[in-house]
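Enquirer: sequence and predicted structure are below.
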Amino acid sequence: MMQSGDPICNTCGEQVGFNANGDPFVACHECNFPICKACFDEEIKEDRKVCMRCGVPYEENLLDDVEAKANRSTMASHLNESQDVGLHARHISSISTVDSELNDESGNPIWKNRVESWKDKKSRKKKTAAAKAEKEAQIPPEQQMEEKQQSPDAAEPLSILIPLSKSKLAPYRTVIIMRLIILGLFFHYRVTHPVDSAFGLWLTSVICEIWFAFSWVLDQFPKWSPVDRETFIDRLSARFEREGEPSELAAVDFFVSTVDPLKEPPLITANTVLSILALDYPVDKVSCYVSDDGAAMLSFESLVETADFARKWVPFCKKFSIEPRAPEFYFSQKIDYLKDKVQPSFVKERRAMKRDYEEYKVRINALVAKAQKTPEEGWAMQDGTPWPGNNSRDHPGMIQVFLGHSGACDIEGNELPRLVYVSREKRPGYQHHKKAGAENALVRVSAVLTNAPYILNLDCDHYVNNSKAVREAMCFLMDPQVGRDVCYVQFPQRFDGIDRSDRYANRNTVFFDVNMKGLDGIQGPVYVGTGCVFNRQALYGYGPPTMPNLSKNNSSSSCSWCGCCSCCCPAKKATKDPSELYRDAKREELDAAIFNLKEIDNYDEYERSMLISQMSFEKTFGLSSVFIESTLLENGGVPESVNSSTLIKEAIHVISCGYEEKTEWGKEIGWIYGSVTEDILTGFKMHCRGWRSLYCMPLRPCFKGSAPINLSDRLHQVLRWALGSVEIFLSRHCPLWYGCGAGRLKWLQRMAYINTIVYPFTSLPLIAYCSLPAICLLTGKFIIPTLSNLASILFLGLFMSIIATSVLELRWSGVSIEDIWRNEQFWVIGGVSAHLFAVFQGFLKMLAGVDTNFTVTSKAAEDADFGELYMIKWTTLLIPPTSLIIINIVGVVAGFSDALNKGYEAWGPLFGKVFFAFWVILHLYPFLKGLMGRQNRTPTIVVLWSVLLASVFSLVWVKINPFVSPVDSNAVTQSCISIDC
Ligand SMILES: O=c1ccn([C@@H]2O[C@H](COP(=O)(O)OP(=O)(O)O[C@H]3O[C@H](CO)[C@@H](O)[C@H](O)[C@H]3O)[C@@H](O)[C@H]2O)c(=O)[nH]1
Ligand SMILES: [Mn+2]
Ligand SMILES: [Zn+2]
Ligand SMILES: [Zn+2]
């Protein structure tokens with residue numbers, strides 16, 4: 001009945017309506033599926049040009065109509081919007097002044113008392129923890145379980161640890177051990193069977209092989225006991241968000257770092273910010289700090305726009321629980337958004353939201369367009385005052401707070417999380433320490449303004465893909481059983497917009513799904529720079545609460561009379577053996593921020609606290625009493641009494657460029673300086689202090705970023721990482737020995753860290769090894785003597801065990817064989833180019849003192865069909881792999897022609913050499929593809945083979961050419977031999 005009159009749209013439930021001629025609107029004449037014009041237009045815009053029910057393509061004339069209209073409407077909104085661009089721009093009121101009078105307050109009694117109570121608490125906490133551990137140790141585990149079940153609160157753990165099942169682990173470990181044994185036998189054979197005719201080649205190859213075996217050991221053993229974890233976020237909310245009570249979830253400060261708005265488009269950063277503001281977490285517990293290292297007015301103005309847009313976006317996300325909450329990625333999803341959406345208003349509101357987002361995007365793009373050309377007199381803000389950051393290397397610190405408790409509410413009148421723009425002061429002559437410096441500035445600003453006990457840091461391009469991400473982390477951090485000694489919870493990095501075959505191993509699956517899970521079973525995953533929730537106290541250089549620390553660890557054994565253990569109790573001292581003492585000394589070095597109470601005990605109350613403040617706190621944390629005070633509040637929060645303008649003033653103070661001088665920032669606390677991979681170093685420091693970290697990988701990836709998909713950018717990224725490792729290797733933080741005495745870094749964990757810093761050096765043997773087959777082919781020599789039976793079995797065994805470990809590893813980790821192969825290939829490509837350069841640059845830096853710079857990777861705003869993939873910028877990095885490919889191809893050609901010349905018996909040895917040459921070419925194949933750029937539309941392999949075959953045939957022809965005299969061909973062989981090394 002309904003059908004006959006005005007049918008109802010199947011998508012939005014409204015009447016379908018009529019077309020221009022007054023007939024009911026029909027989208028599909030094939031099946032007459034009822035859909036209204038608005039929903040139909042939406043479908044077309046989403047690029048679904050076939051009927052929803054029968055799949056028949058819509059008629060052309062209908063389509064044209066929609067597209068024309070779409071074009072017109074964007075133009076119109078563009079024009080409208082460009083007029084009021086920047087209207088919302090507010091004026092920055094804060095100007096940096098380093099206000100040193102503020103430390104007058106350091107003698108303040110409130111402060112003193114806090115230090116006292118803090119010391120008290122620390123020792124009490126340690127005692128109760130120790131007592132509890134002792135008690136638990138006495139009770140048998142079954143009983144413990146019972147006890148826990150009795151009280152409903154403690155009964156249910158928030159997370160569980162799932163070790164690898166026995167059936168997977170046992171064969172895996174067996175194969176590893178077998179591989180180790182075979183390797184031993186293999187080397188025995190290799191060393192005892194030198195090739196006399198090519199001793200140099202043989203020696204080189206054996207050295208290379210030993211190095212490879214060594215790096216395999218470093219890589220393999222940290223994967224000895226991989227684990228998985230599962231979280232229960234519903235239990236978390238049952239425990240901390242009881243109905244009728246205010247939420248007890250811990251607050252989190254988010255850090256987003258950006259530096260160059262041209263390489264890191266503001267829209268990308270904005271999406272990250274929006275995804276944070278729309279998080280599924282109590283709004284008053286979330287603050288988002290954006291660090292702008294480029295001091296760009298563009299970044300600032302786009303943040304102003306973003307704060308405004310968030311007022312619509314956030315309530316929309318929360319109302320319909322959409323995922324992900326970064327609009328760009330939400331709207332570009334190619335899924336059926338109507339599935340399991342019950343609210344009838346959803347479709348309409350979604351459409352309106354999409355329009356709003358498009359308009360917002362137009363505004364941002366207008367800002368970007370405007371920023372392309374800097375005016376001669378520099379930028380000026382809306383009210384005419386010049387932008388303070390006009391010189392990005394010489395400007396005051398800037399802070400602007402948006403939204404939040406006292407700021408604008410969303411369109412439904414609800415509070416929004418606080419959003420803070422921060423651009424730290426930069427002056428010539430001051431080191432700014434790149435990203436690490438920026439993060440440290442944020443640590444201090446956030447301590448002054450909000451001081452949440454946890455910190456989550458993200459690169460500007462890593463948006464929150466799972467709005468429950470923080471809850472996942474809290475399942476570990478807020479669980480007293482688990483979280484106490486956890487310095488951070490790391491999430492894997494996942495990526496969007498990578499070519500399907502992941503040619504340059506951008507996804508890094510092997511690292512994130514194999515190595516990191518392995519580390520989680522030891523002391524915890526390494527910190528990878530983004531998507532990581534820190535315990536703020538761990539960033540302040542403290543050791544974990546349950547670890548005995550330096551001076552306090554023998555307080556019980558210290559003399560009760562004089563309070564020390566050396567002046568009057570020699571007997572006590574004698575009970576300690578020297579190695580213990582040495583350890584203590586080492587621990588002291590590690591517990592950087594904890595002041596030495598022993599020294600202080602001889603002074604009276606007042607003097608003591610003065611000393612504490614001056615000697616330790618200020619030396620460690622710098623001259624801000626507000627900041628120092630905040631570090632003493634273990635559960636975070638800011639004192640209520642302080643008014644906000646004082647706080648802003650103090651925040652400006654702590655981001656001044658000289659603040660860190662003569663402090664421990666970057667040396668012992670915060671993000672650690674001295675390497676472009678500050679992440680590895682920062683995590684390493686914490687593990688050395690005895691903290692553990694956790695790996696959290698929920699089904700829905702929590703954060704997603706972008707990765708460089710063209711060859712040159714990728715190589716430069718890998719170069720930066722490798723350089724960072726070499727820098728650490730050459731620094732005082734070298735994992736080979738740093739913190740060895742204290743014994744808090746587990747030895748397998750140390751092995752993993754050693755692996756992450758020595759891998760660039762593998763480039764040297766790798767290059768040698770990759771040129772060996774070519775040299776062998778050219779000279780007619782070989783690195784392996786004629787094989788005996790035993791040797792053949794060894795070779796075969798080695799191959800089998802290599803394959804077996806990979807297979808078993810992929811079985812427990814779930815990564816695909818393709819990922820492993822890509823990883824292998826890129827290990828060679830990166831190894832023979834980027835890593836090699838990193839080694840040289842690293843040494844150059846050490847010898848000549850040249851500073852290395854942090855070249856940020858450019859992030860594409862919109863992926864234009866992987867256009868980037870084929871882009872190739874010429875860099876010197878490309879030279880070594882290119883030459884390796886060429887000499888190997890030439891080698892193969894020469895080998896064939898030589899065999900042809902020599903006759904039948906030459907083919908046997910040729911096979912071995914060609915096999916190795918192909919091994920090299922195969923590994924470098926993605927590189928070759930990258931070099932060829934777009935042309936690979938005709939499969940590169942064809943091009944390759946044709947070149948190869950053509951050369952072989954031409955050479956053959958030359959060889960049998962009657963015009964070439966036998967003397968000539970002799971000369972050729974002679975010259976080949978002279979290449980011998
Ligand atoms: O002076 C600087 C330089 C960089 N950044 C930020 O650092 C981040 C990472 O830069 P990117 O170019 O994306 O480097 P990637 O190689 O993609 O990043 C990986 O490797 C880096 C270490 O080299 C880590 O810092 C990152 O977290 C990790 O994702 C970006 O947000 C930048 O804005 C700054 O804030 N200030
Ligand atoms: Mn990045
Ligand atoms: Zn149809
Ligand atoms: Zn409709």
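Expert: Cool, the structure landed. Ligands and ions are numbered 1, 2, ... in the order given.
Enquirer: may I see the buried residues of stretch 260-268?
Expert: The neighbour-count check on stretch 260-268 (16 or more other C-beta atoms under 10 Å) flags 260-261, 264-268 as buried. All C-beta spots, glycine's among them, are computed from the backbone N, C-alpha and C.
Enquirer: helices of the stretch 151-300 of the chain, start to end?
Expert: For the stretch 151-300 of the chain, the helices defined by DSSP state H, counting those that start in this stretch occupy 152-155, 166-192, 199-220, 233-240, 266-277, 297-320.
Enquirer: ok so, going back, what about ligand 1: which of the buried residues of stretch 260-268 touch it?
Expert: residue 264 (C-beta under 6 Å from any ligand atom).
Enquirer: minimum distance to ligand 3, which residue of the stretch 701-850 of the chain gives it?
Expert: residue 704 (35.6 Å; C-beta to the ion).
Enquirer: give me the element that residue is part of.
Expert: Residue 704 is part of strand 703-706 when elements are defined by DSSP states H and E.
Enquirer: centre of the chain to the next helix or strand after that strand, how far?
Expert: Downstream of strand 703-706, the first helix or strand assigned by DSSP H and E is helix 711-729. Remark: helix 711-729 is offset 14 Å from the chain centroid, using C-alpha atoms, centre = their mean, to the nearest Å.
Enquirer: report the buried residues of the next helix or strand after helix 711-729.
Expert: Following helix 711-729 in sequence order, the next helix or strand is helix 747-758 (DSSP H and E). Buried residues in helix 747-758, counting neighbours by 16+ other C-beta under 10 Å, are found at 748-758.
Enquirer: for residue 351, see how far away the residue nearest to residue 414 when sequence neighbours are not counted is.
Expert: Counting by C-beta to C-beta, 6 or more residues apart in numbering, the nearest residue to residue 414 once its immediate chain neighbours are dropped is residue 315, at 6.7 Å. From residue 315 over to residue 351 the distance is 16 Å, taken as C-beta to C-beta, to the nearest Å.
Enquirer: who has more neighbours, these two?
Expert: The neighbour comparison of residue 315 against residue 351 (other C-beta atoms under 10 Å) goes to residue 315, with 20 against 16.
Enquirer: which one of the buried residues of stretch 260-268 sits closest to residue 690?
Expert: Nearest to residue 690, judged by C-beta to C-beta, of the buried residues of stretch 260-268 is residue 264 at 36.1 Å.
Enquirer: give me the pLDDT value at the closest one.
Expert: We have a pLDDT of 90 for residue 264.
Enquirer: then residue 371?
Expert: Confidence at residue 371, expressed as pLDDT, is 87.
Enquirer: for it, what are its contacts?
Expert: Applying C-beta atoms under 8 Å, 6 or more residues apart in numbering, we find residue 371 in contact with 261, 296-298.
Enquirer: try 10 Å
Expert: 261-262, 266, 296-299, 301-302, 379 (C-beta atoms under 10 Å, 6 or more residues apart in numbering).
Enquirer: so among those residues, which ones count as buried?
Expert: Those of the contacts of residue 371 that meet the buried threshold are 261, 266, 296-299, 301-302, 379, by 16+ other C-beta under 10 Å.
Enquirer: residue 524 contacts residue 532, correct?
Expert: No. The pair residue 524 / residue 532 is not scored as a contact, 11.1 Å apart, by C-beta atoms under 10 Å.
Enquirer: now do the shared contacts for these two.
Expert: Joint contacts of residue 524 and residue 532 (C-beta under 10 Å, 6+ apart) are 487-490, 683, 693.
Enquirer: just to revisit the earlier point, go ahead and confirm the residue nearest to residue 414 touches residue 356.
Expert: No. Under the criterion of C-beta under 10 Å, residue 315 makes no contact with residue 356, lying 11.9 Å away.
Enquirer: how far out from the middle of the chain is stretch 56-66?
Expert: 45 Å.
Enquirer: closest point of the stretch 101-250 of the chain to ligand 1, which residue?
Expert: Nearest residue of the stretch 101-250 of the chain to ligand 1 (C-beta to the nearest ligand atom) works out as residue 219 at 19.8 Å.
Enquirer: so what's that residue up against?
Expert: Counting by C-beta under 10 Å, 6+ apart, residue 219 makes contact with 514-515, 518, 751-752, 755-756, 759.
Enquirer: of those residues, list those near ligand 3.
Expert: Applying C-beta under 5 Å from the ion to the contacts of residue 219, one finds that nothing falls near ligand 3.
Enquirer: and residue 50, how many neighbours?
Expert: By the measure other C-beta under 10 Å, the count of residues near residue 50 is 12.
Enquirer: average pLDDT for stretch 230-238?
Expert: 90.
Enquirer: likewise stretch 620-628?
Expert: 79.
Enquirer: can you show me the CA trace of that stretch as PDB?
Expert: Output of stretch 620-628 as PDB, limited to C-alpha atoms (Å, rounded to 0.1, in the frame of the first residue of the first chain):
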ATOM      1  CA  THR A 620      67.500  17.800  39.200                       C
ATOM      2  CA  PHE A 621      64.400  19.500  38.100                       C
ATOM      3  CA  GLY A 622      65.400  23.100  37.600                       C
ATOM      4  CA  LEU A 623      64.400  26.300  39.300                       C
ATOM      5  CA  SER A 624      60.600  26.100  39.400                       C
ATOM      6  CA  SER A 625      59.200  25.600  42.800                       C
ATOM      7  CA  VAL A 626      55.700  25.000  41.300                       C
ATOM      8  CA  PHE A 627      57.100  22.300  39.200                       C
ATOM      9  CA  ILE A 628      59.100  20.700  42.000                       C
END
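Enquirer: from the chain's centre, how far out does that stretch sit?
Expert: 30 Å.
Enquirer: got the buried residues for it?
Expert: 620-628.
Enquirer: cool, stretch 396-409 as well?
Expert: 396-404.
Enquirer: cool, stretch 21-40 as well?
Expert: Buried residues in stretch 21-40 (16+ other C-beta under 10 Å): 24-28, 33-40.
Enquirer: can you put the buried ones among the contacts of residue 371 in a markdown table and add distance to residue 368?
Expert: A markdown table is the format used below for the buried ones among the contacts of residue 371 (distance: C-beta to C-beta, whole Å):
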| residue | distance to residue 368 |
| --- | --- |
| 261 | 8 |
| 266 | 6 |
| 296 | 11 |
| 297 | 12 |
| 298 | 7 |
| 299 | 11 |
| 301 | 10 |
| 302 | 8 |
| 379 | 14 |
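Enquirer: want to try CSV for those, with distance to ligand 3 as columns?
Expert: As requested, the buried ones among the contacts of residue 371 are exported to CSV (distance: C-beta to the ion, whole Å):
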residue, distance to ligand 3
261, 46
266, 42
296, 51
297, 52
298, 47
299, 48
301, 47
302, 43
379, 55
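Enquirer: ok, the residue of the chain found nearest ligand 1 - contacts?
Expert: Nearest residue of the chain to ligand 1, counting by C-beta to the nearest ligand atom: residue 529, 2.2 Å away. Counting by C-beta under 10 Å, 6+ apart, residue 529 touches 257, 435-436, 439, 457-459, 462, 490, 493, 671, 677-680, 682-683, 721.
Enquirer: which of those fall in strands?
Expert: Applying DSSP state E to those, the entries found in strands are 257, 457-459, 490.
Enquirer: how about the contacts of residue 219 in TSV, adding distance to ligand 4?
Expert: Formatted as TSV, the contacts of residue 219 follow (distance: C-beta to the ion, whole Å):
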residue	distance to ligand 4
514	48
515	50
518	52
751	61
752	56
755	58
756	55
759	57
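Enquirer: run a quick neighbour tally on the closest residue to ligand 3 within the stretch 501-650 of the chain.
Expert: Closest contact between the stretch 501-650 of the chain and ligand 3, by C-beta to the ion, is at residue 501 (35.6 Å). Counted by other C-beta under 10 Å, the residues lying close to residue 501 total 11.
Enquirer: need the three-state assignment for it.
Expert: Residue 501 falls in the coil class when you classify it by DSSP: H, G, I helix; E, B strand; the rest coil.
Enquirer: pretty sure it contacts residue 709?
Expert: No. If you go by C-beta under 10 Å, residue 501 and residue 709 don't touch, sitting 11.0 Å apart.
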